[in-house]
Each structure stands twice: as structure tokens, then as C-alpha cells.
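# test case, fold it:
(chains A and B)
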Amino acid sequence: MVDSTVVLFGQTLAYTCYCLAILLVMGWFGYKITRPGKDNKVTNVLFYSFTGMLVVLGVSLHIVTYNTIPWAPMDLNRSEIKADKEFNITVEKHKFTLPEETLNINCHEKVLFSVTSHDLTYGFGLFRQDNSMVFQMQVVPGHPNDILWEFDRAGVYTIRSTEYSGPAGVDITIKDAVVVTCNESASN
Amino acid sequence: MNFLQTLIKGEQAMFKSENLTPMQKLTLRFVVIGLVYYAFAVIEGMVMRIYQIEPIPLITKNQFFAIMTAHPLVGIFGSTYSIVFGAFLFLVPFLMKKPLWSIKLGNWTLWLIAIGTFVFWFSGFISHYAPLYTLYWPLPVDFTQFSVVGGIFFILGIAMVMLGTAFFVINVFATITYTPEGWDKQPSGALIGSAIGYSGFRNLFSKKKKEHLVPLPVAAIARGTVDVALNAGIILFTGVLILVYMVFALFDVNLKDTAIDALLYKNWFWWGLDLVADGLVLIFVAGTWYLLATLITGKKLYMQNIARSALLVELVVSWTVWSHHLLSDQAQPGFLKVLSGEMVTALELITQGLAFFITLATLWSARPLKMTNPLKFLLGGLLGFALAVPAGIMQADIGLNRILHNTQWVIGPHVHVAVLVGLAMTLYAAIYILFPILTNGAQLYSQKLANFHFWGQLIGGIGMGAFMGMAGLNGMLRRSLYVNGEFNTYMVLAGLCGALLLLAFLAFFFNIVMSVGINGVIGIFMPSKLKTKDPLPSQG
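Numbers count the residues shown, from 1 in each chain, chains lettered A, B, ... in the order given. This is a model prediction of the structure:
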């Protein structure tokens, strides 16, 4: 399964290239409109081509991500997928309660994290040792909040609330709460 | 004139506040108050920037989050609403060539927004009421964390702003449709149809094309104002709901917060709140770009009919995109995530992209143009949205949202670049172009300061957004505190860019004060001696 670091790298690359391009275009445009030109008319062909490009970009982004980011289809269809392991977690008074002290997971297991809030709106996120994010979801009281995930590499992760729940909830974390191990057969 | 004389009387003593019409004074008051609240928001922003690098000993954690709660509300309501409403209350009658329906109601809007903003800001400052602008249920009524009295004043302040907003809505639509004294009866139904876009829409399918009764910028203002009204209704409704809980709590009766469904609440509140971000801002900005492009070039707008249609599409789109804020809410129905959150939201790339192209094409048609302050700030505003809108479209994707939601990416490259570069620079372009009109030809004190303002705003805004975005991509959350220096490199760089933004604003503010003088600023708030309803003084 593609890891979030790979997706974020791709996004960073694409957006950075776009930013550099649009900065150059605007710089060029700002220079050119102060200079006299031969043809000041913008053709309709250019306008409709630009419109078509916007339509293609807007639609294709979601089609591409749906087909390349593995958790996107898994998330939308999670009710039809049987989880290999399920963890029921509760959160109340700015504190997570886990079913076990450490949540142990094997590589390539489909794991369902089901989180219930008994008071406020929180978030539930998994973070790597370097503080980068693996995934997150919102935890809304009175509703089921579950996320299905498949880990493809070993790691130790911290659970952190990713939603503001008042000043008392600034640091709702459980360090090294999730441990993923990969043995030879699992990783093959 | 020496420095002191200029400071008191303005550049070359050319600004005479006693020659201003009531309409000019009303608009200038809105602008002054809007700029003062912009200063509030920038200073608050800088305090938070510093706090993210190193917590300030004098500011507690609770105070920090109270600042975070007030900051966007002061920026949007106190500053942007003031400047935008002031400009539009001037432009609608100016472009329709008829007096404002009620100057008195305009003044009510001004003072309700000015005082209401101060009330909610001050109550947050004193009581540390800090549920953030999102008000996720039941946080605003969590009285184990927040003061009831502080919360009541906070909500009352917001309610005052919304009441002033409602008066603005009434004034805009009444001005478009009413018949001034001594005029022939105005076709109010046809005018409203043209303003909302009905007649333009009919033109698309009719062989007999009817002339547009309302100029394009007024049509944009009217359509954006529809979203202003809907947004005010939702915020008022939510405010009353919260207020009920607060009043009961005041009498030691604790209503069950589970009586309100947190997800349903989140849907309706985001539906209303999103009308600001994805509705009126985009529509007003597009309308302002069109107005600026035509004023700067003196030419007709390129693809005018498409521009009108795109504004109407944007209005409908703005009612149906809210679900992109709930892509990480697992109980949110999947079809809403895909349809509203992804697909309809992608239409904003098209509507805003068309506005971008049409504005550039209009400017292109008139080259060579002189790089004036309005033109350079307009280009800055266009660039800001060209950067921020795609960033928003990317996060409005089910796959990407899973790793971007609530990170600094959302608030950096999307929100702050949109607001500080896209929106603010568009507003500055409008201020620079309206300045000589509203001041009867006052002269700008320093072009060098205006140039510094431009580059400081542009580099500071883009730079700050970029470094926040980099932190977000590395996992830094928004609405959070990192006290162990986890993201300090990015935060120091973002802080330096924030400082540049602050300096840019100070340069602009000083430039304006030196242009009109302290006497002039005071004079703006004195009653007008001219007994006219016209926007500008008569030439005779």
C-alpha cells in the first residue's frame, strides 16, 4: 500500500511546480501589459481551451487520486470490507482510553480503529516518530467514527487528537501507542 | 510643508474633509474602521506567530486560544466586512446613478459592525472564551472550560455584527430596486431579476436578447449579498441556540447538550459559514476584479455574458459545497462527500479560473498599461487566488484530505494566501483606485511607501503561507501548540514573513494618514456639511 509520505511527496512536487509556473506567468504578464503589442485581442479559442483545461483538471484530480491513493476507495467502501483486527477506543474529558496499553498490528492487516467520544468533538490521528502524519479523522460525539487502515511497513506511532477541543485539550496524545511489525512472510 | 504640517493637514493640504458628501464620509468611515481592525488582526496574527515559536510568558494558553478565536472573526467581520460593505454601499448607488436608499441605515451598519466587533473581541480578551470560529458542538457550551458571562457577551457581539450585516443587505437590494423621489417608476422586478442573474440566464436560451438593466459589478454585489444574507441567518440562528444554553446556565440550569446532534449541527453551521469563504468572498472578489479591470483599462469586459453566467453558477455552487469541510467526518454520508465535497467544489476551480482569465484578457486588450498602484495590487490579488484556489481543490479530495485536514496546509497555502494575498490585495487595489474619488482628489503621500506595501504584502503573504504549508505537509496541525520546537524552522520563517506583512501594513497606514492628515481623519467622523444624497459633490 502506498504510504502517506509518498502521496505527500507527489503533492508537494506537483504543487511546487504549479506555483513556480504561475509566478512566472504572472511576472511575464505584468511585464508584457506595460509594453505595446501587435495583437491585443484574446481569441475565443484560447478562452474555451482554458475553460476545457479547468474542467479536465477539476474532474481528473479526483479520478486520479481515487485510483492511486489506496485508502480513498477503502474508506468509501469500508462497510463492505471485513477488518482483520478492530480496536475500540473511547475519548472523554480530553483523554483517550485504549483497549490495550499498546495496539499491536501486523503488516498488511486491515485494521479498523473505531473511536467514540462521550463529550466533545475530537480528532484521531496517527503520527510517526518525526511528527509527520499517517492519517487522521474527526471524532464527533453521538456518531460512529471509524477508519480502516492497512499498514505496509513497520513502525511505532503516536496517537494524537487532531481537533481542537478547548484549551484543556491541546495535547491529547499517547506516545508510541501503536506498534506495527512486519515479519518476512508478511512483508512478502 | 514640513513633516509635522503634513501629518496634521495631509499631503499638500489637499484633503478637505468639509467638502465631503455624507456618502463619501460614510464610505471613508467604513474604510478607517476596517483598517483599524485589520491592524488588530495583523497584530494578533503576529502574537500567535511568535507564540508558535516560543510561548510568550505573559500570555497564557487560554489567552492564546482566545486570540485564535477572535483573530479570524476580527479579520473577516471587523475588517473585511467593513471595507467591503463601505465600498459597496458607495459603488451600488454610484454605478446605478441613483442615491443610496438609506444613508442612515448605512451608518447603523457601520456602528453595529464596529461596536459588535469590539464587544466580541473584548469579551474574548477578558474572559478567554475560546471555542474558535468553528464552534463545534458542544464546545461553545462547555462551561467547564469557558465563562458563561464571557460567552454571552461574545455571542451578543457577533449578533450585533450580523444585525448590521442584515441592514447592509436591505440597503443594497432596496437601492437597486427603489424609485428615488421625482424619478419615473423603476421596474423593481426586472431590476432584481437582472441583479440576481435571472434575466441573463434567460438570455442564454432566448433569441431576443434583453439588455442588462444592472451593471456587471452591481450584479456581482447583489449575488454575493444573497450569500451574505444566508450566512447572517445561519450565524444568528446558531448564536441564538448557544445563547439559550448560556442563559439557562446563568440560572444554574444545565440543558443537555446531547439534545443537539453534533453532526447535523456541523453540517448546517458549515453550510452557512462556507457561504463566506466559498460564496460571497469569491463572488465579491470576481465582481471587484471586473470593476477594476474596466476602470483601469476604460474598456468593456471580455466575455461579459459568460462572466455574468459564471457569477450565477458560483452563487449556486456556493450553496452546495459545504461538505468539503466534512471529508474527515466518517459519519458523513459518502454521497455528500463525493458530490458536494469533491465534485461541486471542483466547479470553483472553473468559476474562479474563468474570472481570472476574463480579468487578464480585459487588461491585455488595453496594453500598454501604466503599472499603477491599482493595477499592481490587482495582479497581486489575482496571483493570490491563483495560488490558493488550487490548494483548496487539492485538500477537497477524499484521499488527500485524510492527510491534510486540520494541518497547517489548510490554513497556510489555502486560507492565508487567499485572504492576505488574494482578498487583501484586491481590496487594496480597490482602495487605491477609489482613494482620489472618495477624497475629492487628495494626493498620496509617498509612492515609495506604496511600492514597499505592495512587495511586503506579496512576499510576506506568499512566504508565510508557503512555510506554514511546508510545516503542514510534515504533520503540523492547526489549532494546536507545539512547545518542544518540533516545527520551529518553519515557524521562524513564517514569523519573519508575518513581520514583513506587519511592516507592509504599517507603511500603508502611515502613507494614508500622511495623505489625508490627522485633521482629515478626525473630519471624516464629523457630520457632513453638504446636504446631498449624491455620492459625489456637484461640480458646480
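
# can you tell me the closest non-neighbouring residue to residue B:152?
Excluding the flanking residues, the one nearest residue B:152 by CB to CB, 6 or more residues apart in numbering or on different chains is residue B:246, at 5.0 Å. Yep, even glycine has a C-beta here, placed from its N, CA and C like the rest.

# how many neighbours does the one you found have?
By the criterion of other CB atoms under 10 Å in any protein chain shown, residue B:246 has 24 neighbours.

# pull out the buried positions in the worst-scoring helix or strand of chain B on mean pLDDT.
Taking mean pLDDT, DSSP states H and E as the measure, helix B:198-205 is the helix or strand of chain B with the lowest mean score, a mean of 76. Residues of helix B:198-205 classed as buried by neighbour count (16 or more other CB atoms under 10 Å in any protein chain shown): B:199, B:200, B:203.

# mind giving me the domain split of chain A?
What the record gives for chain A is the domain set A:4-69, A:83-187, from automatic domain parsing.

# and these as a markdown table, adding mean neighbour count and distance to chain B?
Shown next, in a markdown table, are the domains of chain A (neighbours: other CB atoms under 10 Å in any protein chain shown; distance: least, CB to the nearest CB, whole Å):
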| stretch | mean neighbour count | distance to chain B |
| --- | --- | --- |
| domain A:4-69 | 14 | 3 |
| domain A:83-187 | 18 | 4 |
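
# mind putting these into CSV with mean pLDDT?
Formatted as CSV, those follow (pLDDT from 0 to 100):
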stretch, mean pLDDT
domain A:4-69, 93
domain A:83-187, 94
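
# for those domains, which one sits closest to residue B:321?
Proximity to residue B:321 (CB to CB) singles out domain A:4-69 among the domains of chain A, at 12.4 Å.

# so residue B:129 sits in a strand?
No. Assessed with DSSP: H, G, I helix; E, B strand; the rest coil, residue B:129 is coil; it does not lie in a strand.

# which parts of chain A are strands?
A:85-92, A:95-97, A:103-106, A:110-117, A:122-127, A:133-139, A:145-150, A:155-160, A:173-181 (DSSP state E).

# pull up the pairing partners for the third one, direction included.
So the one you mean is strand A:103-106. Taking DSSP bridges as the criterion, strand A:103-106 pairs within the sheet with strand A:173-181 (parallel).

# between the strand it pairs with and strand A:122-127, how big is the angle?
Interaxial angle, strand A:173-181 versus strand A:122-127 (axes from the mean of the first three to the mean of the last three CA atoms, to 10 degrees): 50 degrees.

# who touches strand A:173-181?
A:96, A:98, A:102-107, A:126, A:151, A:153-161 (CB atoms under 8 Å, 6 or more residues apart in numbering or on different chains).

# still on that earlier bit, make JSON lines out of the strands of chain A and add distance to residue B:283.
As requested, those are exported to JSON lines (distance: least, CB to CB, whole Å):
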{"stretch": "strand A:85-92", "distance to residue B:283": "39"}
{"stretch": "strand A:95-97", "distance to residue B:283": "42"}
{"stretch": "strand A:103-106", "distance to residue B:283": "47"}
{"stretch": "strand A:110-117", "distance to residue B:283": "36"}
{"stretch": "strand A:122-127", "distance to residue B:283": "32"}
{"stretch": "strand A:133-139", "distance to residue B:283": "29"}
{"stretch": "strand A:145-150", "distance to residue B:283": "35"}
{"stretch": "strand A:155-160", "distance to residue B:283": "38"}
{"stretch": "strand A:173-181", "distance to residue B:283": "41"}
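
# ok, which of those strands comes nearest residue B:266?
Comparing the strands of chain A by CB to CB, strand A:133-139 comes nearest, at 8.5 Å.

# about what we covered before: so is the residue nearest to residue B:152 in a helix, a strand, or just coil?
Using three-state DSSP, the structure places residue B:246 in helix.

# what's near enough to touch it?
B:141, B:148, B:151, B:152, B:155.

# got the angle for the helix ranked longest in chain A vs strand A:122-127?
When chain A is parsed with DSSP state H, its longest helix is helix A:4-32. Using the same axes, to 10 degrees, the inter-axis angle of helix A:4-32 relative to strand A:122-127 is 100 degrees.

# strand A:133-139 and helix A:4-32, what's the angle between them?
90 degrees.

# so what touches stretch B:30-40?
Stretch B:30-40 has contacts (CB under 8 Å, 6+ apart) with B:74-75, B:78-83, B:85-87, B:89, B:110, B:113-114, B:117, B:121, B:424, B:431, B:438, B:505, B:509, B:512, B:521, B:524-525.

# now do the nearest residue to residue B:289 once chain neighbours are set aside, the pLDDT please.
Distances taken as CB to CB, 6+ apart place residue B:359 nearest to residue B:289, at 4.3 Å, with adjacent residues excluded. With respect to pLDDT, residue B:359 has a value of 97.

# now for the helix or strand where residue B:359 lies, which elements pack on it?
Residue B:359 is part of helix B:345-364 when elements are defined by DSSP states H and E. With contacts taken as 3 or more CB pairs under 8 Å, 6 or more residues apart in numbering or on different chains; DSSP states H and E, helix B:345-364 sits against helix A:44-68, helix B:281-297, helix B:304-318, helix B:373-395.
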